[in-house]
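In: Okay, predicted coordinates and the sequence, questions at the end:
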2 protein chains.
Amino acid sequence: MTTTAKQTTAVSKEQLLKHWQGHRNLTRRVIEAFPEKELFEFSIGGMRPFAKLVAELLAIGGPALKGIVEQDERPYNEAAFEATSKKELLKLWDTATKTINTYYRQIPEAGFQKIVNLFGQYAFPVYENIFYFIDNEIHHRAQGYVYLRALGITPPFFWERGK
Amino acid sequence: MTTTAKQTTAVSKEQLLKHWQGHRNLTRRVIEAFPEKELFEFSIGGMRPFAKLVAELLAIGGPALKGIVEQDERPYNEAAFEATSKKELLKLWDTATKTINTYYRQIPEAGFQKIVNLFGQYAFPVYENIFYFIDNEIHHRAQGYVYLRALGITPPFFWERGK
């Protein structure tokens, strides 16, 4: 076992953004795969319908990046992302894609190891917060995969991330 | 928008391992949360029971890291990880934890950006392959979360990664 005190490069800033946006592109295709009604209503085991899970992802992505860059500790708020149609939800998704790109690129390289108190309550290094956003998206999107399978719909391939 | 040709440090090697093992610890608790019978039999929408998904994760983690370090292109093989009891599955899980730690630490820092032809068929940079292992685990574990909810069992908190 070797340990070093200094930070070493395993993953770069641009690689992490590309990875995240690849996942976001896949999530977009999962939203598209849902029938309109089931997107807002279908559920298993008392869990939220997929549109509600997507609202959570939207309430994190753009606002979180803006909060990190502007050192803004405004609390987490899902209300602005409660769409009522698939079309509206996809539009919110595409806006978030641009917002994330814009703010992400303003985080300086050294900023990924700095602690930011996200939404006034999650004080972690920036890279850990960004890992959390991605992980949380994969986690909730996988619920969407199960919903689609239960509805008899084949979801997109998990490994396809391109447009 | 700022772009640089050189690689910059967003996430270090040790941070990525800690992140992965944190996820693996959560997955272990999801395995534990399943009743013995349902772990091997319960399914939704024609998908695999959770023990089968765990066998996939086991067939990736340790063997993949070993393959990366030893430049061994032996094909993916799930057969060695088909447990018949929860106890046996957890034992395989704990063995994999040690195997991953051992081999991960043998990957040199510069090795994360190198392309390795994993299992003789996935030629990607090492960091991308490791992201894939983690993402795939989150994805399948989330199926396990839905199975547990459908069984009326409360799964562990998604954000708890410690032992």
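Out: Structure's in. What do you need? Numbering: from 1, shown residues only, chains lettered A, B, ... in the order given.
In: just the helices in chain A please.
Out: Applying DSSP state H to chain A gives helices spanning A:13-33, A:36-41, A:50-70, A:86-104, A:126-150.
In: Enumerate every residue touching the closest residue to A:K13 other than its chain neighbours.
Out: Nearest residue to A:K13, sequence neighbours excluded (C-beta to C-beta, 6 or more residues apart in numbering or on different chains): B:A10, at 4.4 Å. The way it works is simple: take the backbone N, C-alpha and C, and place the C-beta from them, glycine included. Contact partners of B:A10, counting by C-beta atoms under 8 Å, 6 or more residues apart in numbering or on different chains, are A:V11, A:S12, A:K13, A:Q15, A:L16, A:E109, A:F112, A:Y127.
In: again with A:D72
Out: With C-beta under 8 Å, 6+ apart, A:D72 has these contacts: A:K66.
In: mind checking pLDDT for it?
Out: A:D72 carries a pLDDT value of 91.
In: re earlier: just the buried ones from the contacts of B:A10?
Out: The neighbour count (16 or more other C-beta atoms under 10 Å in any protein chain shown) marks A:V11, A:S12, A:K13, A:Q15, A:L16, A:F112, A:Y127 as buried among the contacts of B:A10.
In: any idea of the pLDDT on the fifth one?
Out: Right, the one you point to is A:L16. So, for A:L16, pLDDT stands at 95.
In: cool, and the first one?
Out: Per-residue pLDDT puts A:V11 at 91.
In: if I pick the nearest residue to A:Q106 once chain neighbours are set aside, what's in contact with it?
Out: Closest residue in space to A:Q106, ignoring its immediate chain neighbours: A:V69 at 4.7 Å, by C-beta to C-beta, 6+ apart. A:V69 sits next to A:Y103, A:Q106, A:I107 when contact means C-beta under 8 Å, 6+ apart.
In: Please repeat the previous calculation with a cut-off of 10 Å.
Out: A:T102, A:Y103, A:Y104, A:R105, A:Q106, A:I107, A:P108, A:G111, A:V116, A:V126 (C-beta atoms under 10 Å, 6 or more residues apart in numbering or on different chains).
In: residues touching the first one, list them.
Out: Which is A:T102. With contacts defined as C-beta under 10 Å, 6+ apart, the neighbours of A:T102 are A:G62, A:L65, A:K66, A:V69, B:M1.
In: Tell me how far the residue nearest to A:Q106 lies from A:L16.
Out: 15 Å (C-beta to C-beta, to the nearest Å).
In: A:Q106 too?
Out: 15 Å.
In: Ok, A:A123 next?
Out: Between A:A123 and A:L16 the distance is 20 Å, computed by C-beta to C-beta.
In: Equivalent analysis for A:R74, please.
Out: In terms of C-beta to C-beta, A:R74 sits 24 Å off from A:L16.
In: repeat for A:G61
Out: A:G61 is 14 Å from A:L16, by C-beta to C-beta.
In: so how far is the first residue of stretch A:144-162 from its last?
Out: Taking C-alpha to C-alpha, to the nearest Å, the first and last residues of stretch A:144-162 lie 19 Å apart.
In: Could I get the buried residue list for that stretch?
Out: A:G144, A:Y145, A:V146, A:Y147, A:L148, A:R149, A:A150, A:P155, A:P156, A:F158, A:R161.
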